[in-house]
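Participant: my questions are about this predicted structure, shown below with the sequence.
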Amino acid sequence: MKIKNTINTIINNNKKALAIFLTAGFPNKNKFIDYVKATLDGGADILEIGIPFSDPLADGPVIQKSSTLALKENFRMKDIFNYIEEIRKYSDIPPILMGYANPINKYDKEKFLIDAANCGVEGLIVPDIPLEEYDFFFPAEKHNLEIILLTTPTSSSERIKAIDKKSEGFVYCVSVTGTTGADKKFDDYTMEHLRRTYSLITKNKMMIGFGIGKPEDIRKFYDYSNGFIVGSRIIKSILEGIEPDGISNTVALFKNACN
Amino acid sequence: MKNYNVPDKSGKYGIYGGQFVPETLIGALESLEQVYLKLKNDKNFLEKLNELQSEYNGRPTPLTFANRLTEYYGRAKIYLKREDLCHTGAHKLNNALGQILLSKYLGKERIIAETGAGQHGVATATVCAKFGMQCVVYMGEEDIERQKPNVFRMKLLGAEVRPVSSGSKTLKDATNEAIRDWVTNVKNTHYIIGSVVGPHPYPMIVRDFQSIIGIETRAQILSKENRLPDYIIACVGGGSNAIGIFYPFLNDESVKLIGVEAAGEGLDTNKHCATLTLGTPGIFQGMYTYLIQSEEGQISEVHSISAGLDYPGVGPEHSYLKDKSRVEYGAVTDQEALKAVDLLTRLEGILPALESAHAIAYLEKMIETTDKDDIIIINLSGRGDKDLATLINHSGNKL
């Protein structure tokens, strides 16, 4: 309930929650932790950490590149758990993992949930596990982590309700059809989709992700979400060589838009 | 096997298959399945498809008795199912024709496809030309290099070929990029997957469209020999030509089915793509199936001289058939496949695709166990014109 409570506290203060995505082990093993700390110092409310995968289907070129670089730096699954332990020593904010199904399955998915929870992970997003495969991948009745599900502009109203029912922590609302990336074009349809999804989600709080590239995007969608997830925009800056201080400032600008 | 009936309602072949895709695609997969299930028994649709298969694709393809190859080995009688004689040079058009008709019923205006050897890309570009549809084909940069003639063919046909530079720059990466395109443009785009891979309902739809190979083969061998064959051999990358010829024989226990994978530079190296021979189950490109992957669950970079087999996964139905021991899977190396190209060309005057040459090469491994009364059918899935550059390089000659 940690994630849910975090979001609720922010909403009760009439603010929106800000989640920042970073790829584990990127740009390398040591610097990754510096960037995590910078992100937290900048004011992130939730930390979403991506597990690198060789074939990240839901990701655009920027996050793909960060994933490839982390794997080149010899990222191993066990690194995640060390990172989380270190992060939890630094801050109390809840970490969420985002990982594709295969590495988790190969690790042993039941054991993964236990090991992740034991080192302080609170939530998990698996973008290639839709409702259809949920029971295959998460067969237990209760999970050690809050399993967060996604809605997209192509989800029917019935599905959005079903996803809301099953999702824990929050519902991840994907803003537009497509892969992750800060270069998305938002149109009238985007607004209509966000409004519709926001009205259908009743059990959970809703966070918007994919394409949130500037603080203005948060202001534009402010009334149709409980929070925002920023990923590619930050990764792109790191790829361009921006140091942790700079990232901290960028996060603060997004945070400001959430207030 | 008796009463063979997969996939089940959730798109599973035993434990394999399924729909491991981002939420964005679920709606499109649902409508594809609904439309397909309605059309597959629709008289009008089937008439249209049959007419295209005969008048445009040139079906039925012959079942040729390979008399000199048979004499060479002096064992079982060897027949070749001549998918190399399909329009565009391989079995791929069987599926592309079916799917372009489906896309019309789905009301889509844009077609995308992935391609390895370029045969599926050419088939898709061909049906898009025939039906006046916009066509984008994703192809790995390494494959563009080794299958140049097919790249030119696709461009001549009006398709846009988008080079893919991520990962190993081969079929798996082209497939990733096609899926990403589909996730982005799903509203107006139909994705014509070229093999029995990907999320349900694709492996089922592609199998059904390819099973015309086996249906014809069955009628042809009964008319020529008055009995079923003892062996059917086909190469397996994703596995569409193999499923196509195997499927109508799955309930006939007496027919031994053999799928041949690419052993690349050898099964004891890490340069192969013998997924069923050496892989382990996992989740990749929408399906649960055998994969070549690391201990950490990262998908491995694989190798075959044949671009069409150079893929770290395999169709989920093959995974199921392997576990059920209904199909036996073996592997042959690049060198063995090259030798088989020579052999078939010299003895039968047929230049096989490097992919199909893997099936021919497997004769060396099993023919000694057969005798003169046995009948072997090899699915000659495509012709080798596209491979001339590779063949020339390996022969040490120059054009």
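Facilitator: Great, that's in hand.

Participant: residue of chain B closest to chain A, please.
Facilitator: Using C-beta to the nearest C-beta, the single residue of chain B nearest to chain A is B:G297, 3.0 Å away. Any C-beta I mention is one placed from the backbone N, CA and C, and that applies to glycine too.

Participant: wait, that residue sits on A:N105?
Facilitator: Yes. Using C-beta atoms under 8 Å as the test, B:G297 is close enough to A:N105 to be in contact (6.6 Å).

Participant: overlap in contacts, these two.
Facilitator: Common contacts of B:G297 and A:N105 (C-beta atoms under 8 Å, 6 or more residues apart in numbering or on different chains): B:G282.

Participant: check what pLDDT B:G167 gets.
Facilitator: pLDDT, B:G167: 85.

Participant: show me the strands in chain B, by range?
Facilitator: Per DSSP state E, chain B carries strands over the ranges B:12-13, B:16-20, B:63-65, B:77-82, B:110-115, B:134-140, B:160-164, B:189-191, B:231-235, B:256-264, B:280-284, B:286-291, B:327-333, B:375-380.

Participant: CSV please, covering these and showing distance to chain A, mean pLDDT and mean neighbour count.
Facilitator: Shown next, in CSV, are the strands of chain B (distance: least, C-beta to the nearest C-beta, whole Å; pLDDT from 0 to 100; neighbours: other C-beta atoms under 10 Å in any protein chain shown):
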stretch, distance to chain A, mean pLDDT, mean neighbour count
strand B:12-13, 9, 98, 22
strand B:16-20, 5, 98, 28
strand B:63-65, 39, 99, 18
strand B:77-82, 34, 99, 24
strand B:110-115, 13, 98, 26
strand B:134-140, 13, 98, 25
strand B:160-164, 11, 98, 18
strand B:189-191, 10, 98, 24
strand B:231-235, 24, 99, 28
strand B:256-264, 19, 98, 26
strand B:280-284, 4, 98, 22
strand B:286-291, 8, 98, 28
strand B:327-333, 22, 98, 22
strand B:375-380, 29, 99, 26
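
Participant: now stretch B:349-356: average pLDDT?
Facilitator: The model assigns stretch B:349-356 a mean pLDDT of 98.

Participant: and the residue of chain A that's closest to chain B?
Facilitator: Closest point on chain A to chain B, by C-beta to the nearest C-beta, is A:K106, at 3.0 Å.

Participant: what is the burial count for the closest residue to that residue other than its chain neighbours?
Facilitator: With C-beta to C-beta, 6 or more residues apart in numbering or on different chains as the criterion, A:K106 has its nearest non-adjacent residue at 3.0 Å, and that residue is B:G297. Residues lying near B:G297 (other C-beta atoms under 10 Å in any protein chain shown) number 24.

Participant: quick one: A:L124 from A:F112, how far?
Facilitator: A:L124 sits 9 Å away from A:F112, going by C-beta to C-beta, to the nearest Å.

Participant: for chain B, give me the ranges with low pLDDT.
Facilitator: B:398-399 (pLDDT under 70).

Participant: near chain A, which residues of it?
Facilitator: Contacts of chain B with chain A, taken as C-beta under 8 Å from any C-beta of the partner chain, map to B:10, B:18-28, B:166-167, B:172, B:176, B:179-180, B:183-187, B:282-286, B:288, B:291, B:293, B:295-299.

Participant: which non-adjacent residue is nearest the residue sitting nearest the centre point of chain A?
Facilitator: Residue closest to the average C-alpha location in chain A (C-alpha atoms, centre = their mean): A:E48, at 4.2 Å. In this structure, A:E48 finds its nearest non-sequential neighbour in A:F21, 4.4 Å apart by C-beta to C-beta, 6+ apart.

Participant: which residues touch that neighbour?
Facilitator: A:F21 neighbours (C-beta under 8 Å, 6+ apart): A:48-50, A:63, A:98, A:209, A:229-232, A:234-235.

Participant: got CSV for these, with distance to A:L200, secondary structure and pLDDT too?
Facilitator: Converted to CSV, those look like this (distance: C-beta to C-beta, whole Å; DSSP: H, G, I helix; E, B strand; the rest coil; pLDDT from 0 to 100):
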residue, distance to A:L200, secondary structure, pLDDT
A:E48, 23, strand, 98
A:I49, 28, strand, 98
A:G50, 27, strand, 98
A:I63, 28, helix, 97
A:M98, 23, strand, 98
A:G209, 17, strand, 98
A:I229, 19, strand, 98
A:V230, 24, strand, 98
A:G231, 24, coil, 98
A:S232, 26, helix, 98
A:I234, 29, helix, 98
A:I235, 30, helix, 98
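
Participant: up against chain B, what does the stretch 151-259 of chain A have?
Facilitator: A:151-156, A:159, A:163, A:174, A:177-179.

Participant: keep only those of the residues you listed that are in helices.
Facilitator: Taking DSSP state H as the definition of helices, those contribute A:159, A:163.

Participant: show me the two of the residues of the stretch 151-259 of chain A next to chain B that sit farthest apart.
Facilitator: Of all pairs drawn from these, the one with the longest distance (C-beta to C-beta) is A:S156 and A:T179, at 21.5 Å.

Participant: the two: which has the busier surroundings?
Facilitator: A:T179 (27 against 12).

Participant: look up how far A:L22 lies from the more buried one.
Facilitator: In terms of C-beta to C-beta, A:T179 sits 18 Å off from A:L22.

Participant: same check on A:F32?
Facilitator: A:F32 is 7 Å from A:L22, by C-beta to C-beta.

Participant: cool, B:G282 as well?
Facilitator: For B:G282, the distance to A:L22 equals 26 Å [C-beta to C-beta].

Participant: cool, B:K322 as well?
Facilitator: Where A:L22 is concerned, B:K322 sits at a distance of 40 Å (C-beta to C-beta).

Participant: repeat for A:T9
Facilitator: Separation of A:T9 from A:L22 (C-beta to C-beta): 23 Å.

Participant: again with B:H358
Facilitator: Counting by C-beta to C-beta, the gap between B:H358 and A:L22 amounts to 44 Å.

Participant: before we move on, what about B:S325?
Facilitator: 46 Å.
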